[in-house]
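In: show me the folded form of this:
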Amino acid sequence: MNRLYIRLAVILFSGIIMLQVSSCKEDKKSSEVTIAKINFKKEGELQLKKAVSDSLLVSLDIEIADDEYSTQTGLMYRDSMKDSHGMLFIFPNIDYRSFYMKNTEIPLDIIYIAEDKTVVSIQKNAKPYDETSLPSEGPAKYVLEVNAGLSDIWTLEKGDLVEFSKQ
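Out: Reported below is the predicted structural model:
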């Protein structure tokens, strides 16, 4: 009789171990991480113009960051951006701004823009993943991020004008 109880106990115990092992395997499957590609979403259009002549330098399609989440993440985790695209940050107040490149894979020009939509300053060729603070030279309400080097190609300067519309 004791042998019967021992055999039953061994069979039962083996079954419990098998259940635990299989449930561990199932847990591993559910912990897999899927990385989603973040795509550009056109939310408006922006024009940069020379202050002295009002001549058009460039027109861009823009994505707009105007809430806490989008202003905190910006262009993080993106591996590319077309030269005809940019991200415009719109802040609720006017202040000195400072950006950095944490988790940002592409080099950028960061253009600080005053409330009157004139360029305050430009941080050129911001390096990917660099967490060094990149401050504005004056108070800004808007910030435009574009691919590094474009502000030089466009001959964009302090004082030049920005116009934009939301869709």
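
In: quick one: residues contacting the closest residue to Thr71 other than its chain neighbours.
Out: Take Thr71 and drop its neighbours on the chain: the residue closest to it by CB to CB, 6 or more residues apart in numbering is Ala65, 4.7 Å away. C-beta: built from backbone N, CA, C; applies to glycine. Neighbouring residues of Ala65 by CB atoms under 8 Å, 6 or more residues apart in numbering: 71, 73-74, 87-90.

In: which of the residues you listed count as buried?
Out: Buried residues within the contacts of Ala65, counting neighbours by 16 or more other CB atoms under 10 Å: 71, 74, 87-90.

In: between the residues you listed, which is nearest Pro135?
Out: Pro135 lies nearest to Phe89 out of those, by CB to CB, at 14.4 Å.

In: helices along this structure, start to end?
Out: 2-30, 68-73, 150-153 (DSSP state H).

In: can you count the residues close to Asp61?
Out: By other CB atoms under 10 Å, the residues close to Asp61 number 16.

In: ok, back up a step: can I get the contacts of Ala65 in TSV including distance to Leu150 and pLDDT?
Out: TSV is the format used below for the contacts of Ala65 (distance: CB to CB, whole Å; pLDDT from 0 to 100):
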residue	distance to Leu150	pLDDT
Thr71	21	95
Thr73	22	93
Gly74	17	95
Met87	13	98
Leu88	14	98
Phe89	17	98
Ile90	20	98
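
In: out of those, the closest to Ala140 would be?
Out: Phe89 (9.1 Å).

In: from Asp54, how far off is that closest one?
Out: Plainly put, Phe89 is 25 Å away from Asp54 if you go by CB to CB, to the nearest Å.

In: then Gly74?
Out: As for Gly74, its distance to Asp54 is 30 Å (criterion: CB to CB).

In: hmm, back to that, narrow the buried ones among the contacts of Ala65 to those in strands?
Out: Judged by DSSP state E, those include 87-90 as members of strands.

In: Thr132 is in contact with Phe99, isn't it?
Out: No. Applying CB atoms under 8 Å, one finds Thr132 not in contact with Phe99, separated by 10.1 Å.

In: quick one: which of the two has more around it?
Out: Of the pair Thr132 and Phe99, Phe99 is the one with more neighbours under other CB under 10 Å, namely 20 against 9.

In: which residues does the more buried one bridge with?
Out: When assigned by DSSP bridges, Phe99 has beta-bridge partners Leu134.

In: my guess is it contacts Ile110. True?
Out: Yes. Taking CB under 8 Å as the definition, Phe99 is a contact partner of Ile110 at 5.3 Å.
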